[in-house]
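Asker: missing the sequence, but the structure's below:
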Ligand code: ACO
């Protein structure tokens, strides 16, 4: 962008208050293959009853060899563009949140950009594990509201099945594969919580918690992909406090409260974490979007997948106030308040 254009954007912002990142479309993609708890009972010392009681998960989707992260992300992106009524060339920013990229490099975002037929704009990946989608949404929001970019595709896409130790019942029953995407456009707003768009993002991280949730491989350490390792109880112990903190910060930043929400769309890690967080925040159960029973934990994909489900079945409508939150490896944790 030229210096003159940048100056024009600043002038426009000064005279028309501010820019907001408005959601124009949502889309999702799930691999065809479904693995039920009953399927897992055949190869693991586990039961459908244990998994449902501890996590709420009944089944998860698992990607085939010809369904890499980029393919799931592409199909979610196309669906989001369809709802937005836009062509790939209308975008100028592609951000992909993933911890399971197709390759160490190039970025999965550039693969999706190419598959969309885009040669314009910028594309890059961002990694904050299960909080990755909100970190990517926050990054896109900063680009759009600075005036430097006009329309962003934000994708959360994962093939966590590739990272799992399928003999470890403490972890492999929890995760699934999938992708979700949002298309956002910079539009002028009045600067109040009545504006459509992303109203606030709250991001946190604390690397001291690495050993509680990590992958024991990587190009620099082991030259292998590695497997997911988790101290489940430890993660559980921190989760509710962390996510309710960032949600409370989002309320404080926007002058809103739990009673104002139309929908609460949490990261889908564990039904007990979701229920306890909603209860602590005073959010009614009928406002909570839950997909963990059918999807399992799809890490960075779980929130955009749940958003696309609730948008697709008519729950989320234009103008609705939607709170999203997540916590994941790092630890990272984050929230965002969006008026749809
Ligand atoms: N089937 C049957 N038994 C199992 C299974 C299983 N799949 N997994 C563990 N167990 C056993 C354990 O071996 C243990 O047995 P033992 O007492 O004989 O040693 C017993 O169940 C209890 O194990 P815990 O780990 O203490 O079980 P807990 O009640 O904590 O539930 C769970 C485990 C579901 C993982 C829970 O701790 C949890 O949900 N933690 C949060 C995990 C999470 O949300 N991670 C993702 C967040 S970040 C992200 O999304 C990447």
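Answerer: Arrived safely. Because the structure is a prediction, the values reported are computed rather than measured.

Asker: so how far is stretch 46-55 off the chain centroid?
Answerer: Taking CA atoms, centre = their mean, to the nearest Å, one finds stretch 46-55 lying 25 Å from the centre of the chain it belongs to.

Asker: tell me what residue 93 is bridged to.
Answerer: Following DSSP bridges, residue 93 is listed with bridge partners residue 122, residue 152.

Asker: actually residue 297, not the one I wrote
Answerer: residue 175.

Asker: wait, doesn't it sit right on residue 273?
Answerer: No. Using CB atoms under 8 Å, residue 297 is not in contact with residue 273; the gap is 10.2 Å. Every C-beta, even on glycine, is put in place using the N, C-alpha and C of the backbone.

Asker: what pLDDT does the most centrally placed residue in the chain get?
Answerer: Centroid check for the chain by CA atoms, centre = their mean gives residue 133 as the closest residue, at 3.1 Å. Note on residue 133: pLDDT of 99.

Asker: how about it, nearest residue that isn't a chain neighbour?
Answerer: Leaving aside its chain neighbours, residue 133 sits nearest to residue 156 (3.7 Å; criterion: CB to CB, 6 or more residues apart in numbering).

Asker: for the ligand, what's the nearest residue on the stretch 101-250 of the chain?
Answerer: When distances are taken as CB to the nearest ligand atom, the stretch 101-250 of the chain reaches nearest to the ligand at residue 232, 2.9 Å away.

Asker: per-residue confidence averaged over stretch 103-116?
Answerer: Regarding stretch 103-116, the rounded mean pLDDT is 98.

Asker: no, scratch that, I was asking about stretch 292-303
Answerer: 98.

Asker: burial count for the closest residue to residue 97 other than its chain neighbours?
Answerer: Nearest non-adjacent residue to residue 97, counting by CB to CB, 6+ apart: residue 132, 3.2 Å away. Neighbour count of residue 132, defined by other CB atoms under 10 Å: 30.

Asker: in a strand, residue 132, correct?
Answerer: No. Counting by DSSP: H, G, I helix; E, B strand; the rest coil, residue 132 falls outside a strand, being helix.

Asker: for it, what are its contacts?
Answerer: Residue 132 makes contact with 97-99, 126, 156, 299-300, 328, 332, according to CB atoms under 8 Å, 6 or more residues apart in numbering.

Asker: what's the answer for residue 320, then?
Answerer: Shown in contact with residue 320 (CB under 8 Å, 6+ apart): 262-263, 339-340.

Asker: and it, how far from residue 253?
Answerer: 19 Å (CB to CB, to the nearest Å).

Asker: and residue 27, which of the three is it?
Answerer: Counting by three-state DSSP, the backbone at residue 27 sits in strand.

Asker: which parts of the helix or strand harbouring residue 234 are buried?
Answerer: Assigned by DSSP states H and E, residue 234 falls within helix 232-254. Neighbour counts over helix 232-254 (16 or more other CB atoms under 10 Å) mark 235-236, 238-240, 242-248, 250-251, 254 as buried.

Asker: and what of stretch 60-74?
Answerer: For stretch 60-74, the neighbour count (16+ other CB under 10 Å) marks 60-63, 67-74 as buried.

Asker: which of the residues you listed sits closest to residue 215?
Answerer: Using CB to CB, residue 69 is the member of the buried residues of stretch 60-74 that lies nearest residue 215, at 14.7 Å.

Asker: is it true that the closest one touches residue 156?
Answerer: No. With contact defined as CB under 8 Å, residue 69 does not count as touching residue 156 (10.1 Å).

Asker: quick one on the thing from earlier: out of the contacts of residue 132, who's nearest residue 37?
Answerer: The shortest approach to residue 37 among the contacts of residue 132 belongs to residue 299, at 19.4 Å (CB to CB).

Asker: which residues are in contact with the closest one?
Answerer: Residues counted as contacts of residue 299 (CB under 8 Å, 6+ apart) are 99-100, 129-130, 132, 156, 158, 160, 175, 328.

Asker: go on, residue 144?
Answerer: If you count contacts by CB under 8 Å, 6+ apart, residue 144 has them with 19, 21, 93, 150-152, 184-186.

Asker: pLDDT and neighbour count for those residues - can I get that in JSON lines?
Answerer: Converted to JSON lines, the contacts of residue 144 look like this (pLDDT from 0 to 100; neighbours: other CB atoms under 10 Å):
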{"residue": "19", "pLDDT": "98", "neighbour count": "23"}
{"residue": "21", "pLDDT": "98", "neighbour count": "29"}
{"residue": "93", "pLDDT": "98", "neighbour count": "22"}
{"residue": "150", "pLDDT": "98", "neighbour count": "19"}
{"residue": "151", "pLDDT": "98", "neighbour count": "21"}
{"residue": "152", "pLDDT": "99", "neighbour count": "25"}
{"residue": "184", "pLDDT": "99", "neighbour count": "29"}
{"residue": "185", "pLDDT": "98", "neighbour count": "21"}
{"residue": "186", "pLDDT": "98", "neighbour count": "24"}
